[in-house]
Structures are given as C-alpha cells and as structure tokens.
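A.B. asks: structure of the sequence below:
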Amino acid sequence: MNSARSPLKPSSAMAARRLRILSSRRVSSLFAGEYRSAFRGRGIEFEEVREYQPGDDIRAIDWNVTARSGRPFVKQFVEEREMTVMLLLDQSPSLDYLAPRGAKSRVAAEICALLAFAAVRSNDRVGLLTFSDRIERYLPPAKGPRHAQRLIAEMQRPPEGSGTDLAGALNTLERVQRRASILIIISDFLAADFRLPLIAAARRHDVVAVSLTDLLDGQLPEVGLVRVADPETGHRRLIDSRDARVRAAYHRHASARQAELDQLFAATGVEHVRIATDTPPVHALTSFFRGRQRRPRR
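C.D. replies: This next block holds a predicted model:
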C-alpha cells in the first residue's frame, strides 16, 4: 500500500482545485438530501423514555422507569444516522483512454468527489481506497470538509500500476475496514476473478457498484482500418471496422460482458448503477438515490 505522498504536479493540483469547486457547488441541498434518504443508518439507538400511550408496543416498556414512577413508560429509539462511506476507486489504465466525451477516469473522480461532499454534508465519515493492479492509496474514513478536500487531492495523484486487481482491492478493504459501511465501487469492472471477494464484501457492507460506460464500449464505429491497443497489457492488433462481422462480434462481446456483470451483481445482492461519460454524474446519481429510496431495505 502506497503511503508516500509525493507532491501534486501543477496540472494535477489545478485539476483537484477545479474538481473541488465544481463538486462542492453541485452538492446542493437537494442532492445531499437525496443521498441522505438513500443511505440511511444501519441500526437504532436509544433516545429517551416517554409515558405509555394506547397502541404502543408493550415490548418497548421500560420496566425500571415504570416501577419507579408507578406509571407505564416506553423506550424510544431513533435510527442511527452516522455512517461510514468507503469509496473504492479504480485507477487502472482502461479508464484513462480518451473517449468522445472525456476519459472515464475524469468522470470517476467527479463521482467520488460528489459522494465525498454529500457524505461530509450529512456528517458521515468517508474514506478512499484507490487501486490499479496494486493498492495505490488508502485514506481512512474521517469527517469534515478538509478531509474531503484531501481525498480529492489524492485522487489526482497518478497511479503507478498498469493493470486491474479488483479482487486484491476488496481483500485489502476487508482487512482495513472491519466496521460495516456503505461501500461504493467506481470502476469499469474490466477485472478478473473478483466474485468471491465481492460476495465477502457484500456480507458485511452495503455495496453499490458504479460502472462507467461509454458509447464505444458497445458499438464499434465504422471508420476503416483501426489499430487498437489494450491499455493495460499493451497488446495491439489491426482490425477492419468496415467489416460488419467484426462490428457484430464486437457488439456481442460487449453485450455478453454486461449481461455477465448484471448476473453477478444480482446474485451477490450488490446494487448496480451505470453512469455514461456523456451523462452528468450528478443527474445519474440523483436518479439512483431516488430509486433506492423506493426499494425495500436489505
């Protein structure tokens, strides 16, 4: 795990500042309210006792207070609101290719920043773990605007790895974050063999998978001969995008991969939201929050 804090490059520092300003402005009262309603507390805590009223559950009677006062009193509980939110951010090269509307990595950073500010505004603790084919950085959960600003700055530090190891990131999280939390994974999920670690994480945490998509993920444009490269392995090949069979195979492969992901998330009880690079993340997240409020809690 990389704990060294090399200074941000001027360009990265500028990007962090822009992201911080943009996200803090977009986390309006509406957005923060939708977040707060979507991610409610996981337990209850005692608040006070009050005099028994007809219709109250007799199991809530506080017999000690009742005996002392000579009148029946019941305990009142409130939902425990304070939560811990862990952001698991994929920084592998596959998120950094230039798509028509911008790199997925830029959208991923904006999503993280929006969620961080929403958590801070709700007085929740928020932490960050970034990964590629290794753990890049880990910031333990904490509260406050200054912590959110540091979290955003850490996102801008360039990764050292060249692949994707989501399984390793999930395993690391289980070691460092023992307390149940809201776990939000932001990734394109171009990773292998992460089913078992995801199942383990879903048993302890409330897991949300935010998958980043782009038009090119499912449709190969008809532009003639194209030299394509895998950004993580460096493997290159020449394809003819004018060939309808090539485009159809590309589409089938992308559709099969999406269906496989959908099945995995459904089987593990992980909520899944897709966010495209041509959609403002704040709109997509707000829509997800509202839908989550209407669904029964696990």
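A.B. asks: all helices for the stretch 51-200 of the chain, in order.
C.D. replies: Ranges of helices in the stretch 51-200 of the chain, per DSSP state H, counting those that start in this stretch, are 63-69, 104-121, 145-155, 166-176, 195-204.
A.B. asks: looking at those, spot the one closest to R274.
C.D. replies: The closest of those to R274 is helix 104-121. By Cβ to Cβ, the value is 11.6 Å. Yep, even glycine has a C-beta here, placed from its N, CA and C like the rest.
A.B. asks: got the angle for the closest one vs helix 145-155?
C.D. replies: Counting by axes from the mean of the first three to the mean of the last three Cα atoms, to 10 degrees, helix 104-121 points 170 degrees away from the direction of helix 145-155.
A.B. asks: tell me what helix 104-121 is packed against?
C.D. replies: In terms of contacts (3 or more Cβ pairs under 8 Å, 6 or more residues apart in numbering; DSSP states H and E), helix 104-121 is packed against helix 10-26, helix 29-38, strand 84-90, strand 125-131, helix 145-155, strand 182-187, strand 206-213, helix 281-294.
A.B. asks: and the chain, what are its domains?
C.D. replies: 10-37+81-294, 43-80 (automatic domain parsing).
A.B. asks: rank those by mean pLDDT and give me the bottom one.
C.D. replies: Lowest mean pLDDT within the domains of the chain: domain 43-80, at a mean of 78.
A.B. asks: can you give me the offset of that domain from its chain's centre?
C.D. replies: 38 Å (Cα atoms, centre = their mean, to the nearest Å).
A.B. asks: then stretch 221-229?
C.D. replies: That offset, for stretch 221-229, works out to 33 Å (Cα atoms, centre = their mean).
A.B. asks: run through who's touching that stretch.
C.D. replies: With contact meaning Cβ atoms under 8 Å, 6 or more residues apart in numbering, stretch 221-229 is reached by 235-242, 247.
A.B. asks: how about those in CSV, adding distance to Q76?
C.D. replies: Converted to CSV, the contacts of stretch 221-229 look like this (distance: Cβ to Cβ, whole Å):
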residue, distance to Q76
H235, 62
R236, 66
R237, 66
L238, 70
I239, 66
D240, 70
S241, 65
R242, 70
R247, 63
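A.B. asks: if we can go back for a sec, out of the helices of the stretch 51-200 of the chain, which is the most enclosed?
C.D. replies: helix 104-121 (a mean of 25; mean count of other Cβ atoms under 10 Å).
A.B. asks: and that one, how far out from the chain middle?
C.D. replies: That offset, for helix 104-121, works out to 9 Å (Cα atoms, centre = their mean).
A.B. asks: got the CA coordinates for that helix in CSV?
C.D. replies: Output in CSV follows, covering the C-alpha atoms of helix 104-121 (Å, rounded to 0.1, in the frame of the first residue of the first chain):
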residue,chain,number,x,y,z
LYS,A,104,-13.7,7.6,-17.8
SER,A,105,-11.2,8.5,-15.1
ARG,A,106,-12.4,12.1,-15.1
VAL,A,107,-16.0,11.0,-14.6
ALA,A,108,-14.9,8.5,-11.9
ALA,A,109,-13.1,11.3,-10.0
GLU,A,110,-16.2,13.6,-10.3
ILE,A,111,-18.4,10.8,-8.9
CYS,A,112,-16.1,10.3,-6.0
ALA,A,113,-15.9,14.0,-5.2
LEU,A,114,-19.7,14.3,-5.3
LEU,A,115,-20.2,11.4,-3.0
ALA,A,116,-17.4,12.7,-0.6
PHE,A,117,-19.0,16.1,-0.3
ALA,A,118,-22.5,14.6,0.1
ALA,A,119,-21.2,12.4,2.9
VAL,A,120,-19.4,15.3,4.6
ARG,A,121,-22.6,17.4,4.4
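A.B. asks: so which of the helices and strands packed on helix 104-121 gets nearest T164?
C.D. replies: Using Cβ to Cβ, the nearest of the helices and strands packed on helix 104-121 to T164 is strand 84-90, at 6.7 Å.
A.B. asks: tell me the strands beside the closest one, with direction?
C.D. replies: Its sheet considered, strand 84-90 pairs with strand 125-131 (parallel), strand 182-187 (parallel) by DSSP bridges.
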